[in-house]
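Q: Coordinates for the following, if possible.
(2 chains)
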There are 2 protein chains.
Amino acid sequence: MIELKVKDVDISSGGAMIALLNFHDAKKFDLHHGDRIGIIYGNKHVQAIIDIAESETAAPEGSIGLFEEVLAELGIRNGYKVKIAIEPKPVSVHYIKEKLNGLKLSYEKIKSIISDVVEGKLSDIELTYFVSSAAIRGLDYKETVSLTRAIIETGETLSLRGKVIADKHCTGGVAGNRTTMIVVPIITAFGMKMPKTSSRAITSPAGTADTMEVLAPVSLKKSRMERIVKKTGGCIVWGGAVNLAPADDKLIKVRSPMRIDAESQLLSSILAKKKSVGATHVLIDIPIGGETKIPDKKEGNRIGKEFIKIGKGLGMKIEYILSNGNEPIGNGIGPALEAKDVLKVLQRSDTMPFDLEKKSVMLAGRIFEMAGKCKRGRGEKTAREILDSGRAMKKMREIIKEQGGNPDVKSSDIKVGKVIYDYTAKKSGIVRDVKNNVVSNTARFAGAPVDKEAGIYLYVHEGDRVKKGDKLITIHANSEEKLKFAKNFLIKSEGVEVR
Amino acid sequence: MIELKVKDVDISSGGAMIALLNFHDAKKFDLHHGDRIGIIYGNKHVQAIIDIAESETAAPEGSIGLFEEVLAELGIRNGYKVKIAIEPKPVSVHYIKEKLNGLKLSYEKIKSIISDVVEGKLSDIELTYFVSSAAIRGLDYKETVSLTRAIIETGETLSLRGKVIADKHCTGGVAGNRTTMIVVPIITAFGMKMPKTSSRAITSPAGTADTMEVLAPVSLKKSRMERIVKKTGGCIVWGGAVNLAPADDKLIKVRSPMRIDAESQLLSSILAKKKSVGATHVLIDIPIGGETKIPDKKEGNRIGKEFIKIGKGLGMKIEYILSNGNEPIGNGIGPALEAKDVLKVLQRSDTMPFDLEKKSVMLAGRIFEMAGKCKRGRGEKTAREILDSGRAMKKMREIIKEQGGNPDVKSSDIKVGKVIYDYTAKKSGIVRDVKNNVVSNTARFAGAPVDKEAGIYLYVHEGDRVKKGDKLITIHANSEEKLKFAKNFLIKSEGVEVR
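A: Sure thing, here's the model as predicted:
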């Protein structure tokens, strides 16, 4: 057996177990890029993927450069001696090749691939072959359910009691639209459980996790999340910290550089997260039109039905609604500005965004109905009563407190960017279009979501009558430079069309 | 503009320009895995691909970890300050997405992808999407010619004078079969040019480059190769060192972990190498049956015609022959044992392997004919005359000398492994099968190609009559351990079938 000296290369791969060999050694041992070796220290063993180092510094002859994941797994450091054995590639590489060649994969084969992904046994290149083959060849219903099950089973799951655990998801593309932070308190105030994990913004100016973070910490561990839900019935946390479906994060890492939006992969990604928190009833909000990915009702219904079908295969009841995706929902765009909107609705403020209230009530009502808590057609009334009574606000304060925020926070307490610009109507008329992507990008240029106080405030919605000089949008930033960038973009792109 | 301190991470990617950012910094600057940044030092600029470092050691906050390729391009070291600008992804990423979506790519788009590959502008993940999309969607005739042209144009080419430059290629799968080292001296002894680049073994016990290396150095730079060909008319060097088609090496790096054998990609890889040396007339040897990839004549003719078609698109005259791929050609398997065979043929030794001689003469003759140097049907006679006259041996000695080897070498000078085992016939009868893959693997287990002296010597061919106890194979190794491994495998697998 070959013995080599460990060199800590001070880099983590973010997934795969990687070992660097000097190219002289690689030649001597007849090893190639992507080959597998077993690294043995005492009675511990890790299988690693070979990368060939061309430079002497990364891995001098007689040494093996190990990435952080391998060092951690073996519990070793710089200078330790390890033994090396040549090993075959995981059998999952063969299954990926089968998918590439157009074969259908059984549950067992998909599980084998996903387990190896989670254990760092596949290289980025191999994983990319899986994602691209699945995108091009497609995954059928059975494969999609298998993939989702495999993602769930290779992660942890929340253990909550209760027959009904609610969840919701929005297919996206609408600025603002922070309904989750209103729906969760309504649902949980009624006594139902809703352990919500949300995402941060990737290309938008704010995700629900970013907005909730204005009010309370959202990077909570799974055990803390469980305690909070047991105590309050709900939570609104960042899914990335809970790490319920670790395979999904690794698949996303490979999908995102090419913006792979293969439907079966997106569905499995979304539904794995729902099933991992133990959801039994999931409402899907599908905004139609505008700059969303779903152009019309026909396509919305098709996707909605796919959700229902896959959900059924996973033992979840799913319903969907088609909503208007043509303009932003709410007035604020950007974490702090959206948090203000949410609190205004919960506080029953006169200046609250009524479109956000209306949509949230509708979603909460539908969840009551689908869970059999209200008769069909009566859900909205119940939801509105909970909101009007102040019980939703009270519940939100409990959740904020348990997550570690200030439970007494009011909308007026929340700070927003003080370097501002008012964008006004150049003529009188009717607002014909508020462009989702223009207001989103303006908020991003102002600094959102990294600068939580940055964003825009929207004074008008489609159909409103405005006079020349009326304020349409205020941009909030924290630096003149960012303001200028956002302002120039907004003026050039004419975010609000008045005719 | 952001300013960061350079940290040399002491690793080369082997291609892509990679920069590591601390995850706090990545969040602060709103940068994600796979995003592009411009790194500016003085008036130099490099576009790099972001990787997010989870550990503080790889890239502490405020610093940027740079791979060797980036440091070399900017001419900077540890501790230097560089400026960072966010940049869009190369447009070639978009073209790769188009291929993934099933569109045909124009020459311009393929050229853009391949240029970015060579310049390290694409990540392994992005390149894998290209390779897998091209494998699954397929490349049509036009795309294959475009890919081949792009590979040629992004590398250097040999500049040789002469209207006729010969080359040959074998589609592989046959043990031994070291015809190149006999064909090149015959062709060049006739006054034609044949600048041959060959590969090393990847999964076989010897490539032509490994075998030639027993006689002379084969890792020569392009300029040296040119000088040798100008002087002697030919050479036999390792293609990997000449680096004529750098894009191809990078594509192979991504194809090999999944053993992608998409025909259009293999054809472009092979023909780019031929065109890069300036080849005008290329003979393709297509062994049929046995453990080759080509099961029958029908498939052989189909592939042969593809070669001709693509070759025409690149301005090369191509012909092909179908040969017997059912058993090894020659007696030795392993670099030194094969080199001995080659020299025996050139020396006109009584103990030479006649099958290797016959096939080499046939190939050389066909090249004379296709280049119009002999009438059809007369090539073999000319080739045999050159061999018999000793002119081929003389030419080979010239080439060996120019490449830096000992021109006076004789077959008997070549050392082979001294730890041996004789595998004998268990009964009398006729040899029905000599299994290519069993003899190849036995030679590999004995230590070939890393140990050049290791391998096997084959005493019989199909149809030979043997008596019980006759030697069938001798295994040559340099250690008892390897010999035992090879011997056990050979006995278990019954490499020679006698009936």
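Q: Could you give the separation of the worst-scoring helix or strand of chain A on mean pLDDT from the chain centroid?
A: Lowest by mean pLDDT, DSSP states H and E among the helices and strands of chain A is helix A:23-28, with a mean of 85. On the basis of CA atoms, centre = their mean, to the nearest Å, helix A:23-28 is displaced by 43 Å from the centre of the chain it belongs to.
Q: what does stretch A:461-473 give?
A: The answer for stretch A:461-473 is 34 Å, by CA atoms, centre = their mean.
Q: So what would you say the end-to-end distance of it is?
A: 11 Å (CA to CA, to the nearest Å).
Q: Could you tell me which residues within it count as buried?
A: Of the residues in stretch A:461-473, A:461, A:466, A:470, A:472-473 count as buried by neighbour count, 16 or more other CB atoms under 10 Å in any protein chain shown. In this view, the C-beta of every residue, glycine as well, is placed from N, C-alpha and C.
Q: Now render those as JSON lines, adding pLDDT.
A: Below are these laid out as JSON lines (pLDDT from 0 to 100):
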{"residue": "A:461", "pLDDT": "92"}
{"residue": "A:466", "pLDDT": "97"}
{"residue": "A:470", "pLDDT": "97"}
{"residue": "A:472", "pLDDT": "97"}
{"residue": "A:473", "pLDDT": "97"}
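Q: Among those residues, find me the one that's closest to chain B.
A: residue A:473 (21.7 Å; CB to the nearest CB).
Q: Can you pull the phi and psi angles for the closest one?
A: phi -140, psi 140 (degrees, to the nearest 10).
Q: need the contact list for it.
A: Listed by CB atoms under 8 Å, 6 or more residues apart in numbering or on different chains, the contact partners of residue A:473 are A:422-423, A:439, A:442, A:456-459, A:490, A:495-496.
Q: now residue A:169, what's its secondary structure?
A: Classification of residue A:169 using DSSP: H, G, I helix; E, B strand; the rest coil returns strand.
Q: measure it to residue A:228 for me?
A: Distance, residue A:169 to residue A:228, using CB to CB, to the nearest Å: 20 Å.
Q: and what of residue A:125?
A: For residue A:125, the distance to residue A:228 - CB to CB - is 40 Å.
Q: cool, and residue A:259?
A: Residue A:259 is 34 Å from residue A:228, by CB to CB.
Q: So which residues of the stretch 51-200 of chain A form helices?
A: A:68-74, A:91-100, A:107-118, A:124-137, A:141-153, A:180-189 (DSSP state H, counting those that start in this stretch).
Q: burial count for residue A:255?
A: 23 (other CB atoms under 10 Å in any protein chain shown).
Q: how much space between it and residue A:13?
A: 17 Å.
Q: Same question for residue A:418.
A: Taken as CB to CB, the span from residue A:418 to residue A:13 is 42 Å.
Q: quick one, which of the two is more surrounded?
A: A direct count of neighbours by other CB under 10 Å for residue A:418 and residue A:13 places residue A:13 higher, at 18 against 9.
Q: Now residue A:452. Nearest residue, chain neighbours left out?
A: residue A:335 (4.2 Å; CB to CB, 6 or more residues apart in numbering or on different chains).
Q: Quick check, pLDDT for that neighbour.
A: On pLDDT, residue A:335 comes in at 98.
Q: Distance check, it against residue A:418.
A: Counting by CB to CB, the gap from residue A:335 to residue A:418 is 16 Å.
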